[in-house]
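Colleague: Need a 3D model of the sequence below.
(3 chains)
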Amino acid sequence: MKCDVNIITGRTIDQGANIDSKLSSDYFNACARCEIGAEDLKTLGLSEGSHVKVSTRFGSVVVSLALCDGNPEGVAFIPMGPWANTVVNPDTHGCGMPGFKGILGSLEPTDEKPLDLKALMSLYRE
Amino acid sequence: MSELLIKNGRVFDPINSINGDIMDIAIKNGKIVDDIPLSPDTKVIDASSMIVMPGGVDAHSHIAGSKVNSGRIMCPNDGRSGIEKRTKITRPCSGYTVPNTFAMGYRYAKLGYTTVFEAAIPILHARHTHEEFGDIPIIDKGGLVLFGSNWQVMEAVRENDIEKLAAYVAWGLSASRGYGVKIVNPGGGEAWGFGKNVSGLHDTVPNFDVTPAEIITGLAKANEMLHLPHSIHLHCNLLGKPGNYKTTIETMKLLEHIKPSMDRQVVHITHLTFNAWGGTNWGDFESKADAVADYLNQHDHVTVDMGQLIFGNATTMTADGPMQYANARLLATKWTNGDVELEDASGVVPLSYIRKMYIHDIMWAVGLEVALLTKNPWQVLLTTDHPNGGPFVNYPEVIALLMSARKREEEMSKLSNKMRDRTTLSGIGRELDWYDIAIKTRASHAKILGLTDHGKGHLGAYADADVTIYHINPDQVDAGREHATVKKAFEKPAYTIKDGKVVAMNGEITATPEGRTFWVNASVPEEDNTRLMKDLRLKFRKYYSINLANYMVQDSYVKHPVVIKAGGS
Amino acid sequence: MEITDAICSFCGSLCDDLTVKVEDNKIIDVKRACRLGASKMLGHERINSPMIRNEAGILEEASFDSAIDKASQILLHAKRPLLYGWASTSCEAQSKGVLLGEILGAVVDSTASVCHGPTTLGVQEKGLPTASLGQIKNRADLIIFWGCNPIHAHPRHMSRYSGYLPGFFLDRGRQNRKFVTVDVRMTETAAISDEFLQIEQGSDYVVLSALRALVNGKDDLVPDVVCGVSKEDLVRLSGMMRSCRFGAFFFGMGLTQSKGRYKNIDCALSLTNDLNTQTKFVITPLRGHYNVTGFGQVCSWQTGFPAVDLSRGAPYYNPGEMSANDLLMRDEVDASLIVASDPAAHFPSTSVRNLAKMPLIQIDPYANATTEIADVVIPTAIVGVETEGTAYRMDGLSLRLRKLVDSDYPSDEEILDKIIKKVSRKGDVC
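Modeller: Numbers count the residues shown, from 1 in each chain, chains lettered A, B, ... in the order given. Below is the predicted model of the structure:
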């Protein structure tokens, strides 16, 4: 059910095309997602579109699952953005750059739904 | 109405043949005037017992643009070595070999310089150069534009179509808002596009079927056809290689029969410190400055500049891409390269010149030998090829070396014996005088650039009121003996005056006006231009990575232009 | 009206060949732009008016004057202000940003610090052997994409600069060139490449080092398998690199954000340097936002450094100490001005939390995640669409962006200028 992954974050064309309309549903769909390979999808026992909780020692976030044939087993890709940043490593290793790639974590099925951008950001104002 | 009277100074104004006479210099509305009636509003500077010279002019310095900024970006260590805080009137400063733009202007002004020319602008990157020019306060600027490995140039030379070549030069100067023709290792930049170099003046440039010699003579002819104020400005082939003095002299010979279109040289060959070298390798490396000076003493179609080496840190930067890679591998140091599509190459390599490393010691001597062995002071400019030989802030050190055989002897005692054996410097007793220094730091720079008629380099009526006053009394100071006093005086002029305004006093900035930018607008016959544009449209459609419509430097980047017209008679 | 040769202000490719159709002061069609550029030019929803967050925590519409006033007050009272962003605005605005930083004694940092900041650190170690993109178009017969996916991030890069077009020395374009992609996963860029080298995540430094060993003839140092890649594959790749006529190495966040950070870049730069003993090779970072390169240029020529802490009155630079995320992680920042970027969407949550709890001013044409945590919001015109300005392409080429339509919004530059006037003392240099 649970699946250990190495998380990388990065740009996608859907994320880019909506970068100036971050409150749109297109941006939400482009970024509140996690792409994994078929083996990992099988391990989780989930299908594309299911919600999954991504957890690392820095935080957790709920996003939708997507299949990406290009991903090797154990590598999860989350488009850069507010959802991904909930779980990335803030340590810059003394060079200004946080750990946006190569974060060890896990995926597990969840009944929770991904938060939209406003809801996600409102957590920071509490 | 601003009026200023500089009274009783010892004036050195070589262009007007004034050699230390006690005179008043009158200034009105930013220009030198013959005389002004004294009124209560006239500001008076008492310059008695002080030296008065025209504002310094530097015809060859790398002060702005992509390679200077590459130097800053790759060398934060250099940035940290010149930190100065923001003041009420100045922006903060950083850097020694590659100062930030603000420091560039302030430090030149504090040194008594008011006009400086950037020595290498690729047309494609000219917009960047002008952006930095805009952030260099106080001094007037201009720039020399790279043509030596340009496809359009090489094709026109190959076709022997000098009219079309001239049309391109005129177009390139206009596109870059540039001032003159710079040629760097002609053909070498193109060869470097595939990692190669040219081996000499008569080697063929790969894929273009022309030789460096043909490029140089073609551009010299086009330059004179256009009546450009400056001659071609040349960084020779094989620069940085032992034995290159032969190529340097051969290059000079190549141009003996070309007639200048104005009262000036046919070619300016730059930074001789790097190309008056004998020997066949680094083991038998020696100076051949004497051979080059012999040639200069017999020919007046050539002028040169020293490119004097200064011990300590330097950041070398040049369009000579292959030479820079060789440098970086030789010294196992970091290397930035910047090929420019269809136009040229470039490289940036930081290094240190170290005393007792005999190659550096000999190079140090070469620049001085050239300046001291060449009889005509107008023929050799004082430069450090900033920041290749060293930063421009060291000009006072070079002045002191040229004026004092004793100082040279003191310096030589700290250097290797090989330097004594392989240069002629220890046998040279010549000591330059104040008049010579005025020639080598302003008058000749302005004359060589063709700027004297545009108000630079002298103190005649209607010249720009750019004046420097030095705290030194030539009657009381024996420069040969008291070289430390000389150096100190040139490091901190009492006054630097720009367009009639005091911009620096005793090493402190007092005002920060914006400088002007000189560029040359040369006209050519319409039919030549039509032929040219047909070629250029094809090049932009197929080979450049931007469109013709976005290429030329827009007027908004040149805030205070001074446009000098040129073109066929 | 048709405007030709328009320059796209989306990514670092700065494509300058767009034809834009304008009717009634509205862009209705954009020819030749990619999906990213077209989506920007055709427009998104905008922030209507300046806003100030009220005591109930709601952003309330306000006048420009009162928003500028409030912003100036916040900045004047801050002891450790951070002026951050700058990637999607003009050099002219960036220049004002540096000046404002001087006056306030602020830290001025750009989005490069979470993008190609490590590249700059690598360049400080080894230099940058590069070339203009046209040089690559005309000459490169081998193109390597390492840890980058231009099909997604720079969609026209290959068709304009790095592959498909014929060049002077390669008259058949793509057919004359070999593409190699090195990545952790099979990307779209990898899929259209001639060779794909799939490496283990975080192993870039090791694989690059193995290639260096091979290029320098130290084959015996390389084990049979290097982080999931067979020696055979590495030997083949190093052979391609050595035997090409002109190689171009492009890289992205796969190198700058993975384990090793700037050391990966150092290694790639060294590999490029070594290759030049045998052939011609250049290396170019694929820069994201259209003028993130420009900020590095402007800040370097004005202060000497690509990012700067001006709290001492003079430029100070120490990445990893004064970079935006380091300051925020240490909870040092007591007010921030965010211009033309969205750190709330692109910083780790710890940093965002510390940004959110202190006063934050946003200057941007669009609402984004940062708007959600902002206290003052000032909308501005879009550079390259509604206002002119300078931008630097990823290869350091400066271009003049055009104004395509009129706008009622002020430019970033104008707003910054007004803030500068409010916070500076009379007679100060500005």
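Colleague: what's the closest non-adjacent residue to the most centrally placed residue in chain A?
Modeller: In chain A, the C-alpha closest to the average C-alpha coordinate belongs to residue A:78, at a distance of 3.7 Å (CA atoms, centre = their mean). With CB to CB, 6 or more residues apart in numbering or on different chains as the criterion, residue A:78 has its nearest non-adjacent residue at 4.1 Å, and that residue is residue A:84. From N, CA and C alone the C-beta is placed, and that goes for glycine too.
Colleague: Tell me who's in contact with the one you found.
Modeller: A:7, A:9, A:31, A:61, A:78, A:100 (CB atoms under 8 Å, 6 or more residues apart in numbering or on different chains).
Colleague: Keep only those of these that are in helices.
Modeller: residue A:31 (DSSP state H).
Colleague: Inside strands: which ones of the contacts of residue A:84?
Modeller: If you go by DSSP state E, those have A:7, A:9, A:61, A:78 in strands.
Colleague: among these, who's most crowded?
Modeller: The most neighbours of any of these, using other CB atoms under 10 Å in any protein chain shown, belong to residue A:78, which has 29 neighbours.
Colleague: and that residue, bridged to which residues?
Modeller: residue A:9 (DSSP bridges).
Colleague: Now do the contacts for it.
Modeller: The contact partners of residue A:78, by CB under 8 Å, 6+ apart, come to A:7, A:8, A:9, A:31, A:33, A:34, A:35, A:54, A:63, A:84, A:87.
Colleague: For the residue in the stretch 451-569 of chain B that chain C sits nearest to, which non-adjacent residue is spatially closest?
Modeller: The minimum distance from the stretch 451-569 of chain B to chain C, using CB to the nearest CB, falls at residue B:545 (3.4 Å). Leaving aside its sequence neighbours, residue B:545 sits nearest to residue C:134 (CB to CB, 6+ apart; 3.4 Å).
Colleague: Wait, a strand at the one you found?
Modeller: No: judged by DSSP: H, G, I helix; E, B strand; the rest coil, residue C:134 forms no part of a strand; its state is helix.
Colleague: burial of the residue in the stretch 201-350 of chain B that chain C sits nearest to, as a residue count?
Modeller: Closest residue of the stretch 201-350 of chain B to chain C, CB to the nearest CB: residue B:341 (3.0 Å). If you count neighbours by other CB under 10 Å, residue B:341 ends up with 27.
Colleague: residues touching the residue of chain A most remote from its centre, list them.
Modeller: Most distant residue from the mean C-alpha position of chain A: residue A:94, 24.9 Å away (CA atoms, centre = their mean). Residues near residue A:94 by CB under 8 Å, 6+ apart: C:320, C:321.
Colleague: three-state assignment of it?
Modeller: Going by three-state DSSP: residue A:94 is coil.
Colleague: do you know how far it is from residue B:463?
Modeller: For residue A:94, the distance to residue B:463 equals 56 Å [CB to CB, to the nearest Å].
Colleague: same question, residue C:349
Modeller: 65 Å.
Colleague: neighbour count winner among these two?
Modeller: residue B:463 (25 against 20).
Colleague: check contacts around that one.
Modeller: B:31, B:32, B:54, B:455, B:456.
Colleague: Count the neighbours of the fourth one for me.
Modeller: For residue B:455, the neighbour count with other CB under 10 Å is 22.
Colleague: Please report how far it lies from residue B:88.
Modeller: Taken as CB to CB, the span from residue B:455 to residue B:88 is 31 Å.
Colleague: got it, and the first one?
Modeller: For residue B:31, the distance to residue B:88 equals 29 Å [CB to CB].
Colleague: Those two: which is more packed in?
Modeller: More crowded of residue B:31 and residue B:88, by other CB under 10 Å: residue B:31, with 15 against 8.
Colleague: From what I see, residue B:420 and residue B:426 are in contact.
Modeller: Yes: contact criterion CB atoms under 8 Å: residue B:420 and residue B:426 qualify, at 5.2 Å.
Colleague: So which of these two has more stuff around it?
Modeller: Between residue B:420 and residue B:426, counted using other CB under 10 Å, residue B:420 has the larger neighbour count: 17 against 14.
Colleague: With just CA atoms, put the helix or strand harbouring the more buried one into PDB.
Modeller: Taking DSSP states H and E as the definition, one finds residue B:420 inside helix B:417-422. What follows is helix B:417-422 as a C-alpha-only set of coordinates in PDB (Å, rounded to 0.1, in the frame of the first residue of the first chain):
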ATOM      1  CA  ASN B 417      68.400  38.200 -13.600                       C
ATOM      2  CA  LYS B 418      66.900  36.700 -16.700                       C
ATOM      3  CA  MET B 419      65.000  40.000 -17.100                       C
ATOM      4  CA  ARG B 420      68.300  41.900 -17.200                       C
ATOM      5  CA  ASP B 421      69.800  39.500 -19.700                       C
ATOM      6  CA  ARG B 422      66.900  39.300 -22.000                       C
END
